[in-house]
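# Dropping a prediction and its sequence here:
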Amino acid sequence: MTLLLIIYAIAIIGVGFFDYSRVKNFDDFILAGRKRGTMLVAASILASVIGASATIGVVQLAFTKGASAVLWLGSGAAGLLVAAVFVVRRIRDTGARTLADVAQTLIGTNCARLITFIIIIAWTGIIAAQYIAAAKIVASCCDMSYAASLLITAGIITAYCAAGGQLSVLKTDLIQFLFIIVGLALTLF
């Protein structure tokens with residue numbers, strides 16, 4: 001298992017450093033040059049949404065709370081579909097790079113500052129949870145301390161994201177989405 005994780009780590013860092021040479025400007029780094037297709041972006045969103053919280057978490061919640069647990073995941077999916085159909089194109093047409101840019105364009109500077117603050121707080125927690133989950137997996141699979149696995153996994157994730165920007169994230173999310181689909185399919189059988 002350790003060898004597979006090492007190969008995977010080398011592969012995703014390789015994606016990041018391969019994409020490093022393709023990043024020419026800020027838009028390339030944070031928006032993958034605005035040139036990626038719907039399928040790649042959709043796979044990235046699905047990889048983010050269909051994670052442990054959507055699979056293991058909802059299953060456990062359904063076990064303890066019943067079928068109403070599906071509403072949590074279902075409402076999020078409905079929101080994403082509504083956004084895809086009615087909102088995404090309009091946001092893209094603003095030329096904004098971030099959600100704060102969208103808020104500033106459509107609502108004003110004060111709202112953009114508030115949204116920036118909220119996003120920083122929210123994403124700090126989300127990223128920390130991802131680092132912790134990855135570290136726990138690596139620690140259990142590689143027989144190493146949690147602290148060492150946290151440093152290693154955080155370093156790997158940060159390296160490929162910092163090197164290749166959003167293009168690397170989209171590509172590695174596609175790989176992770178395929179792993180999720182294969183894992184869920186194997187679970188069904």
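Sure, I can see it.
# residues of stretch 108-127 that come out buried?
Ala112, Ile115, Thr116 (16 or more other CB atoms under 10 Å). For every residue, glycine as well, the C-beta is placed using N, CA and C.
# Now the second one: phi and psi?
With angles defined as degrees, to the nearest 10, Ile115 sits at phi -60, psi -40.
# these two touch, right, it and Ala100?
Yes - with contact defined as CB atoms under 8 Å, Ile115 reaches Ala100; the gap is 5.1 Å.
# average pLDDT for stretch 128-136?
Mean per-residue pLDDT for stretch 128-136: 87.
# And stretch 8-22, by the same measure?
93.
# Can you mark which positions in that stretch are buried?
For stretch 8-22, the neighbour count (16+ other CB under 10 Å) marks Ala9, Ile12, Ile13, Val15, Gly16, Asp19, Tyr20 as buried.
# cool, stretch 19-35 as well?
Asp19, Tyr20, Val23, Asp27, Asp28, Phe29, Ile30, Leu31, Ala32, Gly33.
# quick one: the helices in this structure?
In the chain, the segments counted as helices under DSSP state H are 2-20, 26-31, 38-49, 52, 58-65, 70-82, 88-93, 99-106, 109-142, 146-188.
# worst average pLDDT in those helices?
Among these, helix 52 scores lowest, with a mean of 63.
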